[in-house]
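Enquirer: I would like to see how this sequence folds:
(one chain, ligands or ions: 1)
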Amino acid sequence: MDAARMHAASPESAAIVDAVLDYSRRRMLATDVPLDKPQPESELRRLVGTTITDQGLGAQRALSVFEHILAPACLTTSHPNYLSFIPNAPTVAAMAFDLVVSASGLYGGSWLEGAGAVHAENEVLAFLAAEFGLPETAGGVFVQGGTIGNLSALAAARETAKERLLAAGRDLPPRWKLVCSLEAHSSNKSAAKIMDVDVIAVPAGSDGVLRADAVREALEEHGDAAFAVVATAGSTNFGILDDIAGIAALKDEFEFWLHVDGAYGLTAMLAPEARGWFAGVERADSLVVDPHKWLFAPFDCCALLYRDPETGRRAHTQHAEYLDTLTDTDEFSPSDYSIQLTRRPRGLPLWFSLATYGVDAYRAAVSETLTLTRRIAAEIAARPELRLVRDPQLSVVVFERDGWERADYDRWSDELLETQRALVVPSSHAGRVNTRFAILNPLTTFEDLVGILDTMR
Ligand SMILES: Cc1ncc(COP(=O)(O)O)c(C=O)c1O
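Expert: Numbering: from 1, shown residues only. Now for the predicted structure:
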């Protein structure tokens with residue numbers, strides 16, 4: 001057995017690379033990528049058989065199993081009519097460059113190992129920080145997703161609160177409290193659970209907006225224990241913004257860390273007409289935005305920014321003898337800013353895409369989506385059998401069909417997927433079932449959305 005066979009630059013390796021690149025090329029440039037759908041485990045087991053064998057199947061057979069059985073059992077989340085949860089819609093440049101990131105053995109954890117990649121990622125982070133109105137000294141790291149981004153930011157928030165109280169000779173609270181909206185993303189509550197802190201879930205208004213007076217009450221009640229407030233810049237279920245400016249203004253009266261969870265919605269700040277809605281973001285101590293959502297990067301990618309990156313570094317740098325070379329220096333090492341050590345430079349596909357197309361293309365794409373959302377919301381409002389649950393703000397439209405129960409939505413949603421027309425699953429609000437369009441793919445059309453509404457008659 002030739003131990004180097006799998007790594008050697010050989011004719012066999014060339015054939016493998018060609019086959020994989022050919023598949024990737026066809027997939028990335030296809031105009032009719034199907035939506036596809038999941039299969040039961042038993043069916044996949046039957047169709048796939050055993051693929052891990054002592055001798056190997058060879059690249060052709062393995063790729064064929066993937067192309068013809070496994071891939072069709074995976075939803076195309078970048079399909080224009082994938083309209084549930086929060087879709088993914090990578091640009092062609094971003095998708096293509098993801099291959100380069102894998103091809104190059106790039107390590108993005110430290111400056112020593114990945115200076116070039118980290119430099120490019122940091123240019124993107126600086127661009128985003130400027131868009132969001134953070135100071136030039138802001139910085140951070142690309143992490144896996146909003147969940148890890150929120151957890152990392154909130155861990156830094158608590159560490160900072162602890163340092164502040166200890167420095168002032170004050171007692172640490174018996175329980176730390178995280179203040180957020182009842183409608184905040186589940187990942188914030190999950191972060192609190194992992195950190196073993198209590199969640200003070202403050203009710204939003206009937207319009208879904210968390211307002212300053214409600215946050216003020218929580219801050220007054222919990223004092224030093226309330227170490228952070230999460231303001232959501234685009235809720236997952238509704239795409240609605242909290243009153244970020246009002247909440248940020250509370251920093252003049254109370255000492256707390258303001259974290260803006262903009263995993264889905266902060267991207268809308270790139271659209272000139274939407275920028276003003278985000279007043280107050282510039283006062284954030286930390287924020288997240290997920291490029292794998294509306295910034296058109298492939299999975300998985302979250303930009304985590306700290307107003308003062310030192311706060312992140314103090315909370316997260318790992319220390320060990322074998323890491324001294326990396327930590328006993330002033331060089332910027334991304335791993336120091338979040339819960340992770342080894343990291344893929346996952347910001348590079350976004351960097352390449354931004355560098356390729358320019359920022360104006362992004363602004364235009366986001367603006368288009370905001371316009372399309374308004375058009376389809378007006379269409380829904382005009383249909384007698386449909387009712388908007390709330391007026392949309394960013395690019396999520398939530399609506400109900402008169403007289404439908406959960407079973408009706410389920411049947412309709414299954415049929416949409418079965419016929420490969422769309423993925424639109426039921427959701428709910430305040431115990432009432434509804435459905436929603438989460439729109440962010442520039443290839444989504446008004447006509448397709450209208451066609452989906454027509455199936456609800
Ligand atoms: C507002 C918000 N925060 C956090 C998250 C979690 O992000 P991720 O799924 O990338 O971990 C999401 C995901 O949809 C979100 O919409």
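
Enquirer: Helix or strand: which one has residue 433?
Expert: Under the criterion of DSSP states H and E, residue 433 resides in strand 432-438.

Enquirer: Over to residue 178?
Expert: Going by DSSP H and E, residue 178 is in strand 177-181.

Enquirer: Kindly format the C-alpha coordinates of that strand as CSV.
Expert: Extracted C-alpha coordinates of strand 177-181, given in CSV (Å, rounded to 0.1, in the frame of the first residue of the first chain):
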residue,chain,number,x,y,z
LYS,A,177,-29.1,38.5,34.2
LEU,A,178,-29.3,38.9,30.4
VAL,A,179,-32.0,41.2,29.2
CYS,A,180,-33.6,40.6,25.8
SER,A,181,-36.9,40.6,24.1
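
Enquirer: Tell me the first helix or strand C-terminal of the strand holding residue 433.
Expert: Using DSSP H and E, the helix or strand that follows strand 432-438 in sequence is helix 446-454.

Enquirer: In that next one, which residues are buried?
Expert: 449, 452, 453 (16 or more other C-beta atoms under 10 Å). Backbone N, C-alpha and C define where each C-beta goes, glycine included.

Enquirer: Save those as a markdown table, and put in pLDDT too.
Expert: Shown next, in a markdown table, are the buried residues of helix 446-454 (pLDDT from 0 to 100):
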| residue | pLDDT |
| --- | --- |
| 449 | 98 |
| 452 | 98 |
| 453 | 98 |
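
Enquirer: would you turn those into TSV with distance to residue 170?
Expert: Shown next, in TSV, are the buried residues of helix 446-454 (distance: C-beta to C-beta, whole Å):
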residue	distance to residue 170
449	55
452	56
453	57
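
Enquirer: follow-up on the earlier one: quick one: average pLDDT of the strand holding residue 178?
Expert: Strand 177-181 shows an average pLDDT of 98 in the prediction.

Enquirer: That strand pairs with which strands?
Expert: strand 198-202 (parallel), strand 226-232 (parallel) (DSSP bridges).

Enquirer: Now do it: distance to the chain's middle.
Expert: 20 Å (C-alpha atoms, centre = their mean, to the nearest Å).

Enquirer: and what of stretch 56-74?
Expert: 28 Å.

Enquirer: For the stretch 201-350 of the chain, what lies in contact range of the ligand?
Expert: 232, 236, 261, 263, 264, 290, 302 (C-beta under 6 Å from any ligand atom).

Enquirer: can you redo the residues you listed as JSON lines with neighbour count, pLDDT and secondary structure?
Expert: Shown next, in JSON lines, are those (neighbours: other C-beta atoms under 10 Å; pLDDT from 0 to 100; DSSP: H, G, I helix; E, B strand; the rest coil):
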{"residue": "232", "neighbour count": "29", "pLDDT": "98", "secondary structure": "strand"}
{"residue": "236", "neighbour count": "24", "pLDDT": "95", "secondary structure": "coil"}
{"residue": "261", "neighbour count": "32", "pLDDT": "98", "secondary structure": "strand"}
{"residue": "263", "neighbour count": "29", "pLDDT": "98", "secondary structure": "coil"}
{"residue": "264", "neighbour count": "27", "pLDDT": "98", "secondary structure": "coil"}
{"residue": "290", "neighbour count": "30", "pLDDT": "98", "secondary structure": "coil"}
{"residue": "302", "neighbour count": "27", "pLDDT": "98", "secondary structure": "strand"}
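
Enquirer: Quick one: mean pLDDT over the lengthiest helix in the chain.
Expert: Using DSSP state H to define each element, the chain has its longest helix at helix 359-382. For helix 359-382, mean pLDDT rounds to 98.

Enquirer: tell me which strands and helices that helix is in contact with?
Expert: Packing contacts for helix 359-382, counted by 3 or more C-beta pairs under 8 Å, 6 or more residues apart in numbering; DSSP states H and E, involve strand 386-388, strand 396-401, helix 446-454.

Enquirer: Spit out the contact partners of the closest residue to the ligand within the stretch 251-400 of the chain.
Expert: Using C-beta to the nearest ligand atom, residue 263 is the residue of the stretch 251-400 of the chain that sits closest to the ligand, at 3.4 Å. With contacts taken as C-beta atoms under 8 Å, 6 or more residues apart in numbering, residue 263 has the following neighbours: 86, 145-146, 149-150, 185, 187, 234, 236, 288-290, 293, 302.

Enquirer: Centroid-nearest residue for the chain?
Expert: The centroid of the chain falls nearest to residue 290 when counting by C-alpha atoms, centre = their mean (3.3 Å).

Enquirer: For that residue, give me its contacts.
Expert: By C-beta under 8 Å, 6+ apart, residue 290 lies in contact with 86, 145, 146, 149, 263, 264, 301, 302, 303.

Enquirer: let's see it at 6 Å
Expert: 146, 263, 302 (C-beta atoms under 6 Å, 6 or more residues apart in numbering).

Enquirer: Equivalent analysis for residue 91, please.
Expert: Taking C-beta under 6 Å, 6+ apart, we find residue 91 in contact with 296, 353.

Enquirer: 10 Å instead, please
Expert: Neighbour list for residue 91: 97, 295-298, 349-350, 352-354, 356-357, 361-362, 365, 442 [criterion: C-beta atoms under 10 Å, 6 or more residues apart in numbering].

Enquirer: The helices and strands packed on helix 359-382 into TSV, with extra columns for distance to residue 316?
Expert: Below are the helices and strands packed on helix 359-382 laid out as TSV (distance: least, C-beta to C-beta, whole Å):
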stretch	distance to residue 316
strand 386-388	42
strand 396-401	32
helix 446-454	42
